[in-house]
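J.: Predicted model and sequence follow; I will ask about them next.
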Amino acid sequence: MTHTAIPYDKLRRQVDEHPYPLVFAAISGAHLYGFPSPDSDFDLRGVHVLPLQEVVGLDLGEETVERAGVRDGLEMDLVTHDAKKFFGLMLKNNGYVLEQLFSPLIVYATPEYEELRAIARGCVTRHHVHHYLGFADRQWNLFRKEDPPRVKPLLYLYRVLLTGVHLMRTGVVEANLLTLNADAQLPYIDELVERKTSGPEKSRLQAADLAFHEREYQRLRVELEAAGERTQLPEKPGGKEALNDLLVRLRVGALGRPE
């Protein structure tokens, strides 16, 4: 699916109904990863800003806002975190929030969004490898539990492993599997993506495929561990002071106009 095929106008209407001011909202999930099916929902992720009175008062605001449902004919899942929570995750080797922040599929953005992205580049550390190793192990366990196994969790597994390897080698967050595979050159990825995006009738695998994919999982996991050992990324994240300064400005109402 190309970026032009994404119904940004409908997604923006969903974002406009958010109960709090937003710093940004972007598309994550299968659309970001490069293998949406015809029936894939739209995963919207982002950062909102609780007003000061809902942070210091007795009635606290929603630290995490979750909304799901069908709107304008689209199945959507919207999850945003308050800026303080999101910034804290950025400093804790959480690759998932960085993938959201660096998603090229932007539905809504303020000037502070670009500032946040610039700070985030200094938050990447060598310890992000543990995020991707753990994520890959969970995806493999999900894949192995299915009978018959589906293509979707397998694609998520390969996406996670290749994202982790690329991050350790370059310091750049890249979540699109097709882009990642341009370097990795795994010959089976295109076929798996085609099966996933063609619809549910082709989304199952034969049991005979399991042994091959287990070997590939183990091989790429070793490759990710090795990339983590050789990486030149720093030991600790930077940007804490800059994030604190941005949070204070956001909290007191200095949120810029959206782009």
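T.: Ah, there it is. Residues are numbered from 1 along each chain as shown.

J.: May I have stretch 110-121 as PDB, with CA atoms only?
T.: Extracted in PDB, the C-alpha atoms of stretch 110-121 (Å, rounded to 0.1, in the frame of the first residue of the first chain):
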ATOM      1  CA  THR A 110       3.000  20.500  15.700                       C
ATOM      2  CA  PRO A 111       6.300  22.300  15.600                       C
ATOM      3  CA  GLU A 112       7.200  20.600  18.900                       C
ATOM      4  CA  TYR A 113       7.100  17.300  17.100                       C
ATOM      5  CA  GLU A 114      10.200  18.100  15.000                       C
ATOM      6  CA  GLU A 115      11.900  19.300  18.200                       C
ATOM      7  CA  LEU A 116      11.000  16.000  19.800                       C
ATOM      8  CA  ARG A 117      12.400  14.000  16.900                       C
ATOM      9  CA  ALA A 118      15.700  15.900  17.100                       C
ATOM     10  CA  ILE A 119      16.000  15.100  20.800                       C
ATOM     11  CA  ALA A 120      15.100  11.500  20.200                       C
ATOM     12  CA  ARG A 121      18.100  10.800  18.000                       C
END
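
J.: Distance of the nearest residue to residue 127 once chain neighbours are set aside relative to residue 153?
T.: Nearest residue to residue 127, sequence neighbours excluded (CB to CB, 6 or more residues apart in numbering): residue 93, at 4.6 Å. All C-beta spots, glycine's among them, are computed from the backbone N, C-alpha and C. Distance of residue 93 to residue 153, computed by CB to CB, to the nearest Å: 23 Å.

J.: now swap in residue 176 and tell me
T.: In terms of CB to CB, residue 176 sits 18 Å off from residue 153.

J.: In contact with the residue nearest to residue 127, which residues?
T.: Going by CB atoms under 8 Å, 6 or more residues apart in numbering, residue 93 touches 125, 127, 128, 130, 131, 237.

J.: For the fourth one, which non-adjacent residue is spatially closest?
T.: In space, not counting the residues next to it along the chain, residue 130 is nearest to residue 93; the distance is 6.6 Å by CB to CB, 6+ apart.

J.: So for that neighbour, what's the pLDDT?
T.: pLDDT recorded at residue 93 is 93.

J.: Please apply the same query to residue 223.
T.: So, for residue 223, pLDDT stands at 98.

J.: That one: what secondary structure?
T.: Residue 223 falls in the helix class when you classify it by DSSP: H, G, I helix; E, B strand; the rest coil.

J.: Repeat that for residue 78.
T.: Classification of residue 78 by three-state DSSP places it in strand.

J.: gap between it and residue 66?
T.: 7 Å.

J.: One more: residue 34?
T.: Going from residue 34 to residue 66 by CB to CB gives 25 Å.

J.: tell me the secondary structure for the residue nearest to residue 127?
T.: Going by three-state DSSP: residue 93 is coil.

J.: So what does it have for phi and psi?
T.: phi 60, psi 40 (degrees, to the nearest 10).

J.: And residue 46, its phi and psi?
T.: phi -180, psi -160.

J.: Helices of the protein, residue ranges please.
T.: All helices of the chain, identified by DSSP state H, fall at 8-16, 29-33, 53-56, 83-90, 95-101, 111-120, 128-145, 151-170, 177-184, 189-198, 209-230, 240-251.

J.: most tightly surrounded among the ones you listed?
T.: Mean neighbour counts were taken over those using mean count of other CB atoms under 10 Å, and the top value, a mean of 23, falls to helix 151-170.

J.: Specify the angle between that one and helix 209-230 in degrees.
T.: Here the directions of helix 151-170 and helix 209-230 differ by 20 degrees (axes from the mean of the first three to the mean of the last three CA atoms, to 10 degrees).

J.: Who are the packing partners of helix 151-170?
T.: Judged by 3 or more CB pairs under 8 Å, 6 or more residues apart in numbering; DSSP states H and E, helix 151-170 is in contact with helix 29-33, helix 95-101, helix 128-145, helix 177-184, helix 189-198, helix 209-230.
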